[in-house]
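S.K.: Sequence and predicted structure are below.
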Amino acid sequence: MPKTLPNISVGITRSPLTLVPVLRRLTDPFSGGVAIFVGRVRQEGRGRGASRGTARTVLEYEAYRPLALRELRRIATVASKRHDARAIVIRHRVGKLDVGEVSVIVAVACPHRNEAFLACRYLIDTLKTDVPIWKTSKSGNRS
């Protein structure tokens, strides 16, 4: 299997996120495993800055776009090297999102399923810790 440069596509948008355009970018004839993570705004807040059981109707995401895009590309490059990812798509939404709306999609195509799962997990976990994207719940708590 020839080693090729990965197809990396990252983006931050105010538009709703859907899977079809993401899936179209994951074509690679040497990739048999595709893993996708879809994050949605949930009804109840939990964890940092939110009380368990607090009802939420809106969540607002903000990003420092230039640095966030640079960091998304960086973590995608790391994932492609560590896990032989051939195609990576990361989309994050900013602005006000209602409960149930998609806030993030991470998708990876690799030669094998285990690599795809590991790369996808690395990407979403690292995005949450390293990329300057913040969320504010209706009650004003930052997390």
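M.R.: Cool, got the structure.
S.K.: tell me the contacts of residue 99?
M.R.: Residue 99 makes contact with 41-43, 56-59, according to C-beta atoms under 8 Å, 6 or more residues apart in numbering. Backbone N, C-alpha and C define where each C-beta goes, glycine included.
S.K.: Could you dump those residues into JSON lines and include secondary structure?
M.R.: Converted to JSON lines, the contacts of residue 99 look like this (DSSP: H, G, I helix; E, B strand; the rest coil):
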{"residue": "41", "secondary structure": "coil"}
{"residue": "42", "secondary structure": "coil"}
{"residue": "43", "secondary structure": "coil"}
{"residue": "56", "secondary structure": "coil"}
{"residue": "57", "secondary structure": "coil"}
{"residue": "58", "secondary structure": "strand"}
{"residue": "59", "secondary structure": "strand"}
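S.K.: Which of those scores worst on pLDDT?
M.R.: The lowest pLDDT within the contacts of residue 99 belongs to residue 56, with 69.
S.K.: From residue 131, how far off is residue 75?
M.R.: Distance of residue 75 to residue 131, given as C-beta to C-beta, to the nearest Å: 7 Å.
S.K.: do the same with residue 79
M.R.: Distance from residue 79 to residue 131, by C-beta to C-beta: 13 Å.
S.K.: between those two, which one's more packed in?
M.R.: residue 79 (26 against 23; other C-beta atoms under 10 Å).
S.K.: Tell me if I'm right that the more buried one and residue 86 touch.
M.R.: No - between residue 79 and residue 86 there is no contact under C-beta atoms under 8 Å: 11.0 Å.
S.K.: any weak-confidence spans in the chain?
M.R.: The model of the chain has pLDDT under 70 over residues 1-5, 45-56, 138-143.
S.K.: that's a helix at residue 8, yeah?
M.R.: No - Residue 8 sits outside any helix when classified using three-state DSSP, being strand.
S.K.: Could I get the contacting residues of it?
M.R.: Residue 8 sits in contact with 73, 76-77, 80, 87-88, where contact means C-beta under 8 Å, 6+ apart.
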